[in-house]
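**Student:** pasting a predicted model and its sequence here:
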Amino acid sequence: MKVLVINCGSSSIKYELFDMDGEQVLAKGLVERIGSDRSIVNHRITGQEPWVETAEILDHRQGLNRVLSLLVDREQGVLKSIDEVDAVGHRVVHGGETFAESVLIDEKVIQAIRENIDLAPLHNPPNLSGIDAARHHLPHAQHAAVFDTAFHQTMPDYAYMYALPRVLYQKHKVRRYGFHGTSHQYVTRRAARMLNRSLEEMNLISCHIGNGASCTAVQGGRSVDTSMGMTPLEGLMMGTRSGDIDPAIVPFVMAKEELTLAEVNSMMNKHSGLMGVSGLSGDMREITEAAFEGNERGRLALEMYTYRLRKTIGAYAAAMNGVDALIFTAGVGENSSLVREWTCRDLTYLGVELDPEKNAELPEGPQIISTPESRVAVLVIPTDEELMIARETQRLAREE
Ligand SMILES: Nc1ncnc2c1ncn2[C@@H]1O[C@H](COP(=O)(O)OP(=O)(O)O)[C@@H](O)[C@H]1O
Ligand SMILES: CC(=O)OP(=O)(O)O
Ligand SMILES: [Mg+2]
């Protein structure tokens, strides 16, 4: 079975084509700056050099059209006909309370995703455009939606409710949902296999730290708490997002700086986090470099980032009455030995003991970076949200 995975962001499309016999990636790529006359298409057939073009791509439908024509291109393609794609898996960020699992897409599902737009105004509309375009171009294929929020639907009410008037939950579904669920589920399953233990008997803490960052407590294979909330703004400090702040700051700053709602939202989502504190960049590589060159604000950003992550890990160890393993994943988690080291620095009370050499010299693929004596295993596991989406899509398509 051939499965195409599509992740439509506000101005981008990420895609990956799998042959599920052997779970091989045939090709993958990224279309960036959709909506401009200088969109960039970066396409790569497995085992070959990437192929890049600049083109005018005005919307997701046009972008997907380009992707599909590349997949069947005589030189850049890997398929003879687009009809070889049996199923398409779509990443959908917000499934609200409607979806605790992935589903095959029909009109009702589309309507439900639309109803959740209010909860994720930045994410769900591009996701819907992607679904619409893909169904138009691939009418014969089955389409599945895989939700970032689904894995967290197992959280108990005392973890997902806010201490706000209950009417806000009843009327507007104001509650915590959590995100990156596909990734947290993937790495925690993988961790259990690496440690040769059953998920059922383990308390795991998974740190997905990339551009967006979230930490999840997974007990017996189920998400019991997670740091993102109603939107992906809550919780940890991120590349450009503030994470937790005193909510009273919002009206205060709006009044003092005469900001509109849109402006204060943009401030917290796009100009805060590493970017806001350092004034330099939202990219951890640049922050680390600056900190090492003696830049004080770079050091502060790094110190805050790891301190807040460490506090969240402590909170989740408390929530589960202990932790067996700690997992680092996503762009920062997989690549920054410094962030892992600083985060684990004062977790010795929990029994975390990092092996400095293993942490620093990481070979490819999943690794254990704690010492054999460490009471808590520490793992680095490259996440693979696309593979998870492809597996879910295959499972649903087969059941049909
Ligand atoms: N070698 C590295 N060292 C430190 N941070 C890195 C490194 N490589 C990537 N990153 C960080 O990973 C981030 C991207 O993470 P990723 O999980 O790919 O994000 P997303 O999927 O949300 O776009 C970058 O912003 C950068 O900060
Ligand atoms: C939900 C979310 O924050 O996603 P990302 O990390 O891809 O921005
Ligand atoms: Mg990501």
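**Tutor:** The structure has been received and is ready for your questions. Ligands and ions are numbered 1, 2, ... in the order given.

**Student:** how far out from the middle of the chain is stretch 134-142?
**Tutor:** Centroid separation for stretch 134-142 versus its chain: 25 Å, with C-alpha atoms, centre = their mean, to the nearest Å.

**Student:** how far does it stretch from start to finish?
**Tutor:** End-to-end distance for stretch 134-142: 10 Å, by C-alpha to C-alpha, to the nearest Å.

**Student:** please apply the same query to stretch 172-187.
**Tutor:** Stretch 172-187: ends 32 Å apart by C-alpha to C-alpha.

**Student:** how about stretch 112-120?
**Tutor:** Counting by C-alpha to C-alpha, you get 13 Å between the two ends of stretch 112-120.

**Student:** got it, and stretch 190-204?
**Tutor:** Span of stretch 190-204 from end to end, C-alpha to C-alpha: 11 Å.

**Student:** repeat for stretch 244-251
**Tutor:** End to end - C-alpha to C-alpha - stretch 244-251 spans 15 Å.

**Student:** from the chain's centroid, how far away is it?
**Tutor:** 25 Å.

**Student:** now do the contacts for Ala150.
**Tutor:** Residues near Ala150 by C-beta atoms under 8 Å, 6 or more residues apart in numbering: 95, 99-102, 181-182. The C-beta positions use only the backbone N, C-alpha and C, and glycine is treated the same way.

**Student:** interface residues of the stretch 1-150 of the chain facing ligand 2?
**Tutor:** Within reach of ligand 2 by C-beta under 6 Å from any ligand atom, the stretch 1-150 of the chain has these residues: 93, 148.

**Student:** for the residue in the stretch 101-250 of the chain that ligand 1 sits nearest to, which non-adjacent residue is closest in space?
**Tutor:** Per C-beta to the nearest ligand atom, Gly210 is where the stretch 101-250 of the chain lies closest to ligand 1, at 2.3 Å. Using C-beta to C-beta, 6 or more residues apart in numbering and skipping the chain neighbours, the partner closest in space to Gly210 is Ala330 (3.4 Å).

**Student:** what about the one you found, distance to ligand 1?
**Tutor:** Relative to ligand 1, Ala330 is positioned 4 Å away (C-beta to the nearest ligand atom, to the nearest Å).

**Student:** count of residues packed around that residue?
**Tutor:** 23 (other C-beta atoms under 10 Å).

**Student:** before we move on, what about His152?
**Tutor:** Neighbourhood size, His152 [other C-beta under 10 Å]: 28.

**Student:** pretty sure it contacts Ser223?
**Tutor:** Yes - using C-beta atoms under 8 Å, His152 is in contact with Ser223, at 4.5 Å.

**Student:** residues bridging contact with those two, i.e. touching both?
**Tutor:** With C-beta under 8 Å, 6+ apart, His152 and Ser223 have common neighbours 178, 181, 216.

**Student:** can you pull the contacts of the first one?
**Tutor:** It refers to Gly178. 149, 151-152, 155, 160, 214, 216, 223, 226-229.

**Student:** next one: the second one
**Tutor:** By C-beta under 8 Å, 6+ apart, Gly181 lies in contact with 147-152, 223.

**Student:** now pLDDT, secondary structure and distance to Asn116 too, for those, in JSON lines please.
**Tutor:** Converted to JSON lines, the contacts of Gly181 look like this (pLDDT from 0 to 100; DSSP: H, G, I helix; E, B strand; the rest coil; distance: C-beta to C-beta, whole Å):
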{"residue": "Phe147", "pLDDT": "97", "secondary structure": "strand", "distance to Asn116": "9"}
{"residue": "Asp148", "pLDDT": "96", "secondary structure": "coil", "distance to Asn116": "11"}
{"residue": "Thr149", "pLDDT": "97", "secondary structure": "coil", "distance to Asn116": "9"}
{"residue": "Ala150", "pLDDT": "97", "secondary structure": "helix", "distance to Asn116": "12"}
{"residue": "Phe151", "pLDDT": "98", "secondary structure": "helix", "distance to Asn116": "16"}
{"residue": "His152", "pLDDT": "98", "secondary structure": "helix", "distance to Asn116": "14"}
{"residue": "Ser223", "pLDDT": "98", "secondary structure": "strand", "distance to Asn116": "19"}
